[in-house]
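In: Kindly return the folded structure for what I paste below:
(2 chains)
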Amino acid sequence: MKHRYIPMTETDREEMLSAIGIATVDELFEDIPEKVRFKGELNIKPAKAESALTKELAQLAAKNADARTYASFLGAGVYDHYKPIIVDHVISRSEFYTAYTPYQPEISQGELQAIFEFQTMICELTGMDIANSSMYDGGTSLAEAGTMAAGHTRRKKILVSETVHPEARDVVTSYAAGQFIDVVTIPHKDGVTDLALLEELLDDKTAAVLVQYPNFFGQVEDIQKIGDITHEKGGLLVVSANPLALGVLTPPGKLGADITVGDAQPFGISEQFGGPHCGYFATTKKLMRKMPGRLVGETTDSEGRRGYVLTLQAREQHIRRDKATSNICSNQALNALAASVAMTALGKAGTKEIAYQNIAKTAYAKSAFEKAGFEVKYGGHHFNEIVVVLKKPVKEVNAKLLEKGIIGGYDLGLTYPELSNHVLIAVTEQRTKEEIDALVQEMEALHA
Amino acid sequence: MHKDNQPLIFEITKAGRIGYSLPELDVPEIDLSSHFPEGLLRKESPELPEVSELDIMRHYTALSNRNHGVDTGFYPLGSCTMKYNPKINEAVARFPGFANIHPLQDESTVQGAMEMMFDLQEHLEEITGMDEVTLQPAAGAHGEWTALMMIRAFHEANGESHRTKVLVPDSAHGTNPASATVAGFDTVTVKSNEFGLVDIDDLKSKVGSDTAALMLTNPNTLGLFEEDILQMAEIVHGVGGKLYYDGANLNAVMAKARPGDMGFDAVHLNLHKTFTGPHGGGGPGSGPVGVTKELAPFLPKPILIKENDRYTFQYDVPQSIGRVKPFYGNFGIYLRAYTYIRSMGPDGLKAVTENAVLNANYMMRRLEPYFDLPYTQHCKHEFVLSGRRQKKLGVRTLDMAKRLLDFGFHPPTIYFPLNVEEAIMIEPTETESKETLDSFIDTMIQIAKEAEENPEIVQEAPHTTVINRLDETKAARQPVLRYTKEEELVKA
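Out: From the prediction side, this is the model:
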């Protein structure tokens, strides 16, 4: 058969077969035992030509309600933020996206330097000493922080605040199970980690305390205090931080974090139904050699020119094999590049401005909800999410909102049974005052 | 391309320049210091670049020009399947209905996405011959770990938590033993025999009542099909162990042999390899796992189900190993893989394998006179040469790899697998033309001659790249892992 991705002609094939010294391609498969040879035709859909397939998939895509057509107030770990158009132009440079891991530094300086810049930007935002080249996503990055802390402290228990993203907590539990580590949840009190219970649960067998900043309810917790309590017992403080919030908030590195992780999705990465996003992982100099994932370092060539290489590889799975503490190999390089471009475009001023706009819009939404008679839960400090109490099931309210062109917030009752009829509303800089007003108005009308 | 230092983005920054466009705030201004307690507001701005949009584009264009991708030239990196990345995939992944949908939207608003996922699962089940597939793992190694956790849960459910050993051949990918370790197992290495295949006697001596699984890549990392696969399956199953298939080399057997028919109980795929992900400079990948009915109850949550043409996620899965990743895997990547599979169809996938294997064998036979070929039988999609003949002349495999750079080729994988001295692992893939293969072969032959006649030119390569060989020892001994402003360095 002929296909645009397969260039061999019949003549080519004949010449190649004769060079090999065989008559048919089938001879090359004779080492597959007769009994396991697949003889029929795969029962999958027939090939479709480019235009027809594009059309079919466009129709499939059109069945979904997207954040370009609807005003979305859904956040809960994945956000609709300003994505500079330039991001897609850079990551569409196919020298980047059709390359693999930069094993040959002489012809991979572009990728290596881009990663080195990414590592620097993550350090700048988080206030940590060292950042790696990326992890799969925020959830798995947090899980690896937990197992790394357990490995480092040789302790087999980690505490996770209930205010950490529920799906990330699930992933932490799965990863921990792999290495026989116990995970204990610290309940929340008024939307923040219950410090009294933290002190109660924390002991000298605890490897780490995992918290989120801002937390799942949009609250900014007292990280410093949690860190102090944790360190007293010799545990590590692991902070999962929304990097976009760090344009304004004190970086975890200044609050005592030993490991800071999170997802760079808010910087230039589309929601894409939950992935691929871009985990980041940052830590202190002291823990540098314990961290998972790839690192790019600066060095020089024989003529003293500056260049970049993959470094400290003795930590990595392909060297350590059965002594490895992490098995991550492929990471999220292209998305780290996307995040770098977005962080570069926003730059020093824009990261502050965008974080500020999120806070201001959320504060506006909060007061609009309160004026309309809604209870907005938790009196703490909000970043870009608030918890609004409804009189009706969230699912029902969201269904009505959808008819008005609005994607409603996250139904907290799904993961916090005591919070049924509570909705987590995210207000990013993308939402206009008009859209916020419409949301409040529609919800008010439904409430009546 | 020039050979001077390429400035870092931080070095072309100028205070006051911006590269973004945010709207004017349309809600009342707030006073941050009254909104947050003092300790929560950062005092120093992050030192991020201050550059214009054109600065950004020129910077990254310059970087891209210092990078080699499949679109730049031949990239025969063994075990990585560096095939062409179709452009329709990129277009489809950017449709707003796929790119801009939120994972926590009500299921009724994402039926199109779920339909694609379900259809892809069915396609992958058919291609691998497995009963059930999960799309959640984010990459190959993540898939390995997911499947091993399922195997562990299976044994534990049967009251057999004493099965703590995972057998891994000495030719296996480094991730195999690493994944086994982080899934809580001890690894036991199984030797290869003189033909580069698993030594059956060694396998027999190492299996037992403590065997949890055997991890196998088939064809293996030497590009050789494990002909005794059925016997191996019998041995491992005979002692109650499970058989795990590392799908990194699936490009060699699509529509020719299916892991499910070979007796495998669990399989992971690397969609960024076999199914044109793309590779993205190191990721994102996508590593779905397929399993038999017996292991299906342990699949990670949620499970995608179809009932009366409606798709739903099922979270009530009592024996599940839990969540391995937030949400549903790397949707944007497996969407590309789906697009690719639909572009190829059954004949196309078969042609992929036939041409990938033909290309590898052609290259192997043409290079055989010039390099040592430790295993001489027909290969599958890749083959491994040894540079030991050239090493005797003082030219190492690393030198030859660097010399290839001067001719515009990405070198093959080198020094892997570990059971071949001075290994050169070549995987051409099916998307390369005979002209490209010939040109690479001729270059390799020339390098072999240079090793004999003019070894310095090889030992000192590369000569044409933007940078010479870099001092990796220095990078590791005095790690510089981030940019620091010169004045800060002076202070420190």
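In: Which parts of the chain belong to which domain?
Out: As the question left the chain open, I've gone with chain A. Per automatic domain parsing, the domain ranges recorded for chain A read A:10-54, A:71-82+A:348-447, A:86-341.
In: actually it's chain B I care about, not the one you picked
Out: Structural domains annotated on chain B: B:9-65, B:89-343, B:354-475, as defined by automatic domain parsing.
In: Nearest approach to residue A:76 belongs to which of these?
Out: Minimum separation from residue A:76 across the domains of chain B (Cβ to Cβ) falls at domain B:89-343, 5.6 Å. C-beta: built from backbone N, CA, C; applies to glycine.
In: distance between the ends of that closest one?
Out: Domain B:89-343 has an end-to-end distance of 10 Å (Cα to Cα, to the nearest Å).
In: How about stretch B:67-79?
Out: This stretch, stretch B:67-79, spans 20 Å end to end (Cα to Cα).
In: Now do the buried residues in it.
Out: B:67-72, B:74-79 (16 or more other Cβ atoms under 10 Å in any protein chain shown).
In: quick check, stretch A:232-247 touching chain B?
Out: Yes: using Cβ under 8 Å from any Cβ of the partner chain, stretch A:232-247 reaches chain B at A:246-247.
In: Let's see that stretch as CSV, backbone CA atoms only.
Out: Only the C-alpha atoms of stretch A:232-247 are listed here, as CSV (Å, rounded to 0.1, in the frame of the first residue of the first chain):
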residue,chain,number,x,y,z
GLU,A,232,10.8,20.6,64.9
LYS,A,233,10.2,16.9,64.4
GLY,A,234,12.8,16.6,61.7
GLY,A,235,10.4,16.3,58.8
LEU,A,236,10.5,18.1,55.5
LEU,A,237,8.1,20.7,54.3
VAL,A,238,6.7,20.1,50.9
VAL,A,239,4.7,22.9,49.3
SER,A,240,2.7,22.4,46.2
ALA,A,241,2.4,26.0,44.8
ASN,A,242,0.5,27.5,41.9
PRO,A,243,3.5,29.3,40.2
LEU,A,244,1.2,32.0,38.9
ALA,A,245,0.2,33.1,42.4
LEU,A,246,3.9,33.5,43.2
GLY,A,247,4.0,36.6,41.2
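In: coming back round to it: tell me which of the buried residues of stretch B:67-79 is nearest to residue B:428?
Out: The shortest approach to residue B:428 among these belongs to residue B:76, at 5.2 Å (Cβ to Cβ).
In: pretty sure the closest one is touching residue B:409, no?
Out: Yes: with contact defined as Cβ atoms under 8 Å, residue B:76 reaches residue B:409; the gap is 7.5 Å.
In: shared neighbours of those two, anything?
Out: The contact sets of residue B:76 and residue B:409 overlap at residue B:440 (Cβ atoms under 8 Å, 6 or more residues apart in numbering or on different chains).
In: elements contacting the longest helix along chain B?
Out: Under DSSP state H, the helix in chain B containing the largest number of residues is helix B:331-367. Applying 3 or more Cβ pairs under 8 Å, 6 or more residues apart in numbering or on different chains; DSSP states H and E, one finds that helix B:331-367 contacts helix A:10-20, helix A:50-62, helix B:87-93, helix B:96-99, helix B:111-128, strand B:383-386, strand B:423-426, helix B:434-453.
In: what does stretch A:160-172 contact?
Out: Under the criterion Cβ under 8 Å, 6+ apart, residues A:76-77, A:138-140, A:142-143, A:146, A:158, A:183-188, A:191-193, A:198, A:209-212, A:215-217, A:219, A:221, A:240, A:415-416, B:301, B:322-327 lie in contact with stretch A:160-172.
In: Now go through these and say which are in strands.
Out: Counting by DSSP state E, the part of these found in strands is A:158, A:183-186, A:188, A:192-193, A:209-212, A:240.
In: May I see these arranged in TSV, with distance to residue A:274 and neighbour count as well?
Out: Shown next, in TSV, are these (distance: Cβ to Cβ, whole Å; neighbours: other Cβ atoms under 10 Å in any protein chain shown):
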residue	distance to residue A:274	neighbour count
A:158	24	27
A:183	22	19
A:184	27	12
A:185	23	16
A:186	26	25
A:188	24	21
A:192	26	21
A:193	26	27
A:209	26	29
A:210	21	30
A:211	22	29
A:212	17	28
A:240	16	30
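In: now the residues you listed in CSV, with distance to residue A:336 and pLDDT?
Out: Formatted as CSV, those follow (distance: Cβ to Cβ, whole Å; pLDDT from 0 to 100):
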residue, distance to residue A:336, pLDDT
A:158, 26, 98
A:183, 28, 98
A:184, 32, 98
A:185, 31, 98
A:186, 31, 98
A:188, 32, 97
A:192, 31, 97
A:193, 30, 98
A:209, 27, 98
A:210, 23, 98
A:211, 24, 98
A:212, 21, 98
A:240, 17, 98
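In: Tell me the one of the residues you listed nearest residue A:103?
Out: Among the ones in strands among the contacts of stretch A:160-172, and counting by Cβ to Cβ, the member closest to residue A:103 is residue A:240, at 30.7 Å.
In: my read: that closest one touches residue A:142, true?
Out: Yes: Residue A:240 lies in contact with residue A:142 (Cβ under 8 Å); the separation is 4.9 Å.
In: list residues touching both of those two?
Out: Shared contacts of residue A:240 and residue A:142 (Cβ under 8 Å, 6+ apart): A:164, A:168, A:210, A:261-262.
In: Could you single out the nearest of those to residue A:114?
Out: Residue A:114 lies nearest to residue A:262 out of these, by Cβ to Cβ, at 19.5 Å.
In: contacting residues around the closest one?
Out: Residues in contact with residue A:262 (Cβ under 8 Å, 6+ apart) are A:138, A:141-142, A:240-243, A:279-280.
In: from those, which two are the most distant?
Out: Largest separation among the contacts of residue A:262 by Cβ to Cβ: A:142 and A:243, giving 13.6 Å.
In: higher neighbour count, these two?
Out: residue A:142 (31 against 27; other Cβ atoms under 10 Å in any protein chain shown).
In: The more buried one: what's it in contact with?
Out: By Cβ under 8 Å, 6+ apart, the contact set of residue A:142 is A:164, A:168, A:171-172, A:210, A:238, A:240, A:261-262.
In: ok, 10 Å please
Out: Residue A:142 makes contacts with A:135, A:160, A:164-165, A:168-169, A:171-172, A:175, A:210-212, A:238-240, A:259, A:261-263, A:279, A:281, B:326, as judged by Cβ atoms under 10 Å, 6 or more residues apart in numbering or on different chains.
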